[in-house]
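>>> starting from these lines, generate the structure:
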Amino acid sequence: MNLDEFTAANAPTDSAEPFQRENSYTLDVDVDGTVMAKAGSMVAFTGDVSFTGKASAEGGITGFLKEAATSEGTPIMAVEGQGHVYFADDGKKVQVVELDAGESITVNGEDVLAFEESLSYEINTIDSLAGALAGGFSNVYLEGPGYVAITTHGDPIVLEPPVSTDPSATVAWSGTSPDVEVNRSLSDMIGQESGERYQMRFGGEGFVVVQPREEHV
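Next up, the predicted model:
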């Protein structure tokens, strides 16, 4: 294709939605106020926008989650102003979810890309997974109304409980909560230090999102 065809094929698209995917790997957020985003995920922006780092893990919009290996605050950005901001994370695919009032989703902390300030959130850690993931499994509970963008390695699969998942491949869940189990026979087969011997068991209703890759942090 020539230059005109190339630019036309890859130019941003107009949309009335505040969160939209420009392609499988890039999120376009129409910022008019404040949006929270993973630190370091901005790849471009237009308009009058400022970025402020946050590091605390508790309270309001002052923080995000604790880094598993070091127990230090992993910063996020408060993106403020008016303009379009484009986000991406290490070539991972972007998934946009709109939560209505009262709807909620819990997301692996590594897989949260951005969310609207209107969402309430709470940080949790599954300490019983410390044997599989250093420091445990940090996750973010998000409740609507508002948009949230999450990332996955490859195309996700959405499963209904009852289902057991590998923690390193588990992206998100809603309407259910996990119990941690240790598969002794699997441990004996693949080695006692393998994280796959730990499994997250989901029961009841709701859904669970997994990705076709184990994400070790």
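
>>> which residues in the protein form helices?
Per DSSP state H, the chain carries helices over the ranges 3-10, 184-190.

>>> mean pLDDT lowest for which of those?
Looking at the helices of the chain, the lowest mean pLDDT belongs to helix 184-190 (a mean of 56).

>>> how many neighbours does the residue lying closest to residue 101 once chain neighbours are set aside have?
Closest residue to residue 101 apart from its sequence neighbours, by CB to CB, 6 or more residues apart in numbering: residue 145 at 4.6 Å. C-beta: built from backbone N, CA, C; applies to glycine. Neighbours of residue 145 under the rule other CB atoms under 10 Å: 14.

>>> check residue 213 too.
Using other CB under 10 Å, residue 213 has 12 neighbouring residues.

>>> distance of it relative to residue 203?
Going from residue 213 to residue 203 by CB to CB, to the nearest Å gives 25 Å.

>>> quick one: residues contacting residue 148.
By CB atoms under 8 Å, 6 or more residues apart in numbering, the residues touching residue 148 are 96-97, 99, 105, 107, 112, 114-116, 119, 142.

>>> if we go to 10 Å?
Counting by CB atoms under 10 Å, 6 or more residues apart in numbering, residue 148 makes contact with 19, 36, 95-99, 105, 107, 112-116, 119, 121, 140, 142, 172.

>>> so where is this protein shaky, pLDDT-wise?
54-75, 127-136, 184-196, 216-217 (pLDDT under 70).

>>> I'd like to know how many residues surround the residue nearest to residue 112 when sequence neighbours are not counted.
Among residues not flanking residue 112 along the chain, residue 140 sits closest, at 5.4 Å (CB to CB, 6+ apart). For residue 140, the neighbour count with other CB under 10 Å is 22.

>>> and residue 140, what does it touch?
Applying CB under 10 Å, 6+ apart, the residues near residue 140 are 64-65, 105-109, 111-112, 115, 119, 121-124, 148, 150, 172.

>>> can you tell me which of these are in strands?
Among the contacts of residue 140, the members found in strands (DSSP state E) are 65, 105-108, 112, 115, 121-124, 148, 150, 172.

>>> between these, which sits nearest residue 40?
Using CB to CB, residue 112 comes nearest to residue 40 of those, at 12.9 Å.

>>> run through the residues that contact that closest one.
Residue 112 neighbours (CB under 10 Å, 6+ apart): 36-38, 41, 64-65, 76, 89, 121, 139-140, 142, 148-151, 171-172.

>>> ok, now with 8 Å
By CB under 8 Å, 6+ apart, the contact list for residue 112 reads 38, 64, 140, 142, 148-151.

>>> do residue 176 as well
Shown in contact with residue 176 (CB under 8 Å, 6+ apart): 161, 202-208.

>>> who wins for neighbours among those?
Busiest of those [other CB under 10 Å] is residue 208, holding 24 neighbours.

>>> what's the distance between that one and residue 35?
From residue 208 over to residue 35 the distance is 27 Å, taken as CB to CB.

>>> that's all I had, so thanks and see you.
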